[in-house]
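**Q** Compute the structure for the input listed below.
(chains A and B)
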Amino acid sequence: MLKELFTKTKTKPKKYATIPSKAAKQDVPEGIMTKCPNCKKILYTKELNKNYKVCTQCEYHFQMNSAERINSFLDFESFRELDREMVSGNPLDFPGYEEKLEQDRKKTGLNEAVVTGIGTVKGYEAAIAIMDAHFRMGSMGSVVGEKITRAIEKADELSIPFIIFTASGGARMQEGVLSLMQMAKTSVALKRFSDHGGLIISVMTHPTTGGVSASFASLGDYNFAEPGALIGFAGRRIIEQTIREELPEDFQTAEFLLKQGQLDAVISRVDMKEKIAAILDIHQPGGTFEWQEN
Amino acid sequence: MAGELEFEKPVVELRKKISELKEYMKNTDVDLTSEIDKLEARLQKLETEIYGNMKPWERVQIARHPNRPTTLEYISLLFTDFFECHGDRTFGDDEAIVGGIAKFHGYPITVIGHQRGKDTKENIRRNFGMPHPEGYRKALRLMKQAEKFRRPIISFIDTKGAYPGKAAEERGQSEAIARNLFEMAGLRVPVICVVIGEGGSGGALALGVGNYIHMLENSTYSVISPEGAAALLWKDSSLAKKAAETMKITAPDLKGLGIIDEIIPEVKGGAHKDLQQQAKYIDKILIDSMSKLQVLDEETLLNQRYEKYKRIGEFSFPTERIGVK
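**A** Numbers count the residues shown, from 1 in each chain, chains lettered A, B, ... in the order given. Modelled structure (predicted):
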């Protein structure tokens, strides 16, 4: 037994679906055609975009950025953004952090990894937070925590539901323990909102990991996920190294989590607006029960 | 028709004869109208005789009928906008219990219930409607959610019982059932329970602490299955029929004992003979219960539930019996 610890394992070098490679793929300027990484079908980019960036052949969900999400999920021109100008400091004087932020600002046109605001879904008003994995991997620093907290407070103030689309690699290393504390900050805000009867809907999109999955992403009255999304606390590689076992193929996918009792439902992006609007409808402050024909 | 039970054979045979005669009349010139009328009158009498005085064991057979309508079938007919919610957020998603949000005549409610399968494949997936602890914990999660959003809860009871398995014990089957009884007692929203098939012991009761408990006419509710009772009491499970009669497990029995509120009538021969009509009968009673409960404030609602259970049981003090104060 002890010997095994010191012998070199002869397994082949494993291929991990690392997140940066996928993000990098997105950076390639899009042409007329896009190849589905799952079923390898060549798709018309235009057609793909029209289908909410869901492969028409195999229903693979391509990553969306926050602007695409707003356009596809909210009613036309209903979105009013909050705290757009809020930017991060460099609290630990972390070398190179400011440059990296600047780089991503240029690349994405965003100031941070989350966009928050008020909008309507088929007429139902809600406070919305949409994380964008194209900015620093959607990692959570002080600004992400603060913007989400403010959006929750706004929902509380206006007595409207709070909906969050998560996409994050986890905590933002360059902000150290301040980043960790954003988990507590957002959770504290959600608890107060919930105690006031506020409705929380969390939609986990690819990828939702680390500190984000271990805070607001999992605290919805309804927890949903998009098909195939990677959702988990610790990374696959770390778990495999710790337990020295190969993990099942579907480990930490949305479907896996549904089976493990963590999600209310896995919802295809194509149906997302319809289904969430139906839930918002059921949660409209109502009158009393009166008999009427169904 | 498939799935006829032994005791209804005379009805089935007579009905067959009538349709044969009708067929014969169509193909020939012979006029048999008066004979058919006579037979139909006899059929009516026979039906009332057989279905009107069903023995407990016959009701057990109807409650267990493979075609007996399930929770999801009633949900689709009674409610609109049903959205199923999965998982206990801890261990798994137990498909032996289903639940979610829906609208009842336009009014938001939460609905939960045991769910049997309609065929072998589905039954394996749903463990024949016998829940594990995660099923009860999912139900409780949804009931707590209903309480937060002030939605009434409607629960459908239909299980042979909580699953007696190793894994279920390891994960705390007893605790899960107990927790539900405890928490359901304190829910600050109306809770209406309807036994639609078999009400099997603690596994049924774990969805069954409510302001009203109604039972379909041919459903059963018992501390143990007739077979189990016979095995325990008389060491012979073939005496199940006798046990069914002794144990007082039918809807009229429970009404007599003051445990349930209303007996919901069933269509002749059992709910499976006409699902649409059966749903209408249930709809009527749900409307009635909802209307009565929604006018109560929280405190009255909780007290009503408390008193309902406080009343159940029969006991006396020896002094009372001999009339001494």
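**Q** Could you pull out the buried residues of the helix or strand containing residue B:288?
**A** Under the criterion DSSP states H and E, the helix or strand holding residue B:288 is helix B:275-293. Within helix B:275-293, the residues that qualify as buried are B:275, B:278-279, B:281-283, B:285-290, B:293, counting by 16 or more other Cβ atoms under 10 Å in any protein chain shown. Using the backbone N, CA and C atoms, a C-beta is placed for each residue, glycine as well.
**Q** mind listing the strands in chain B by residue range?
**A** Assignment of strands within chain B using DSSP state E yields the ranges B:80-84, B:97-104, B:107-114, B:153-159, B:191-200, B:212-216, B:220-222, B:262-264.
**Q** now those strands as JSON lines including mean pLDDT, mean neighbour count and distance to residue B:246?
**A** Putting the strands of chain B into JSON lines (pLDDT from 0 to 100; neighbours: other Cβ atoms under 10 Å in any protein chain shown; distance: least, Cβ to Cβ, whole Å) gives the following:
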{"stretch": "strand B:80-84", "mean pLDDT": "96", "mean neighbour count": "15", "distance to residue B:246": "39"}
{"stretch": "strand B:97-104", "mean pLDDT": "97", "mean neighbour count": "24", "distance to residue B:246": "30"}
{"stretch": "strand B:107-114", "mean pLDDT": "96", "mean neighbour count": "25", "distance to residue B:246": "25"}
{"stretch": "strand B:153-159", "mean pLDDT": "97", "mean neighbour count": "28", "distance to residue B:246": "22"}
{"stretch": "strand B:191-200", "mean pLDDT": "95", "mean neighbour count": "27", "distance to residue B:246": "17"}
{"stretch": "strand B:212-216", "mean pLDDT": "96", "mean neighbour count": "25", "distance to residue B:246": "19"}
{"stretch": "strand B:220-222", "mean pLDDT": "93", "mean neighbour count": "25", "distance to residue B:246": "11"}
{"stretch": "strand B:262-264", "mean pLDDT": "96", "mean neighbour count": "19", "distance to residue B:246": "20"}
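**Q** quick one: which of these is nearest residue A:190?
**A** Closest of the strands of chain B to residue A:190 is strand B:97-104, at 20.2 Å (criterion: Cβ to Cβ).
**Q** the inter-axis angle of the closest one versus strand B:153-159?
**A** Counting by axes from the mean of the first three to the mean of the last three Cα atoms, to 10 degrees, strand B:97-104 points 140 degrees away from the direction of strand B:153-159.
**Q** so what secondary structure elements neighbour strand B:97-104?
**A** Where contact means 3 or more Cβ pairs under 8 Å, 6 or more residues apart in numbering or on different chains; DSSP states H and E, strand B:97-104 is packed against helix A:269-282, helix B:71-78, strand B:80-84, strand B:107-114, helix B:133-148.
**Q** Keeping just the C-alphas, turn it into CSV.
**A** The C-alpha atoms that make up strand B:97-104 are tabulated as CSV, following Å, rounded to 0.1, in the frame of the first residue of the first chain:
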residue,chain,number,x,y,z
ILE,B,97,-42.3,11.1,-4.8
VAL,B,98,-43.1,13.8,-7.2
GLY,B,99,-43.7,17.5,-6.4
GLY,B,100,-43.7,20.9,-7.8
ILE,B,101,-45.7,24.1,-8.3
ALA,B,102,-48.9,24.5,-10.2
LYS,B,103,-52.1,26.4,-10.4
PHE,B,104,-55.5,25.2,-9.1
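**Q** re earlier: farthest pair in the buried residues of helix B:275-293?
**A** For those, the maximum inter-member distance is 26.2 Å, found between B:275 and B:293 (Cβ to Cβ).
**Q** Tell me how many other residues crowd the residue of the stretch 51-200 of chain B found nearest chain A.
**A** Nearest residue of the stretch 51-200 of chain B to chain A (Cβ to the nearest Cβ) works out as residue B:87 at 3.5 Å. Using other Cβ atoms under 10 Å in any protein chain shown, residue B:87 has 23 neighbouring residues.
**Q** OK, contacts around it?
**A** Contacts for residue B:87 (Cβ atoms under 8 Å, 6 or more residues apart in numbering or on different chains) come out as A:258, A:260-264, B:93, B:134, B:138.
**Q** what does the model give whichever residue of the stretch 101-250 of chain A sits closest to chain B for pLDDT?
**A** Distances from the stretch 101-250 of chain A to chain B, computed as Cβ to the nearest Cβ, single out residue A:221 as the nearest residue at 5.8 Å. At residue A:221 the predicted local confidence, pLDDT, stands at 96.
**Q** Break the chain down into its domains, please.
**A** All of this is about chain A. Using automatic domain parsing, the domain ranges for chain A come out as A:30-62, A:64-282.
**Q** Can you look at chain B instead?
**A** The record's domain split for chain B, according to the TED database, is B:6-53, B:61-311.
**Q** ok, and for stretch B:167-184, which residues are buried?
**A** For stretch B:167-184, a neighbour-count test (16+ other Cβ under 10 Å) marks B:168, B:171-173, B:176-177, B:179-181, B:184 as buried.
**Q** would you list those residues in TSV and tack on pLDDT?
**A** Listed next are these as TSV, based on pLDDT from 0 to 100:
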residue	pLDDT
B:168	92
B:171	92
B:172	90
B:173	90
B:176	94
B:177	94
B:179	94
B:180	95
B:181	94
B:184	95
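**Q** Restricted to helices, list these.
**A** Under the assignment DSSP state H, the buried residues of stretch B:167-184 contribute B:168, B:173, B:176-177, B:179-181, B:184 to helices.
**Q** Pull up the residues of the stretch 101-250 of chain B that are close to chain A.
**A** Selection of the stretch 101-250 of chain B residues close to chain A by Cβ under 8 Å from any Cβ of the partner chain yields B:101-108, B:134, B:138, B:145, B:148-150, B:152.
**Q** The same query, at a cut-off of 10 Å, please.
**A** On the criterion Cβ under 10 Å from any Cβ of the partner chain, chain A has as its neighbours in the stretch 101-250 of chain B the residues B:101-110, B:134, B:137-138, B:141-142, B:144-145, B:148-152, B:190.
**Q** hey, what's the residue nearest to the spatial centre of chain A bridged with?
**A** Ranked by distance to the mean C-alpha position of chain A (Cα atoms, centre = their mean), the top residue is residue A:166 at 1.8 Å. For residue A:166, the residues forming beta bridges with it (DSSP bridges) are residue A:204.
**Q** which residues touch it?
**A** The neighbourhood of residue A:166, defined by Cβ atoms under 10 Å, 6 or more residues apart in numbering or on different chains, consists of A:114, A:129-131, A:133, A:138, A:140, A:148, A:202-209, A:212-213, A:215-218, A:220, A:225, A:229, A:231.
**Q** again with residue B:92
**A** The neighbours of residue B:92, taking Cβ under 10 Å, 6+ apart as the test, are A:258-262, B:86, B:132-135, B:137-138, B:171.
**Q** Likewise for residue B:238?
**A** For residue B:238, the contacting residues are B:227, B:230-231, taking Cβ under 10 Å, 6+ apart as the criterion.
**Q** Closest one of these to chain A?
**A** Nearest to chain A among the contacts of residue B:238: residue B:227, at 32.3 Å, using Cβ to the nearest Cβ.
**Q** Can you list the buried residues in stretch A:104-112?
**A** Neighbour counts over stretch A:104-112 (16+ other Cβ under 10 Å) mark A:104, A:108, A:110-112 as buried.
**Q** next one: stretch B:304-314
**A** By neighbour count with 16+ other Cβ under 10 Å, stretch B:304-314 contains the buried residues B:305, B:308.
**Q** ok, and does that stretch reach over to chain A?
**A** No: contact check for stretch B:304-314 against chain A, using Cβ under 10 Å from any Cβ: none in range, with a minimum separation of 16.8 Å.
**Q** okay, that stretch in CSV with CA atoms only?
**A** Only the C-alpha atoms of stretch B:304-314 are listed here, as CSV (Å, rounded to 0.1, in the frame of the first residue of the first chain):
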residue,chain,number,x,y,z
GLN,B,304,-57.4,23.4,13.6
ARG,B,305,-54.6,21.0,12.5
TYR,B,306,-53.5,20.4,16.1
GLU,B,307,-57.1,19.7,17.3
LYS,B,308,-57.6,17.3,14.4
TYR,B,309,-54.8,15.1,15.6
LYS,B,310,-55.4,15.6,19.3
ARG,B,311,-58.9,14.1,18.9
ILE,B,312,-57.7,10.9,17.3
GLY,B,313,-57.5,7.8,19.6
GLU,B,314,-59.7,6.0,22.0
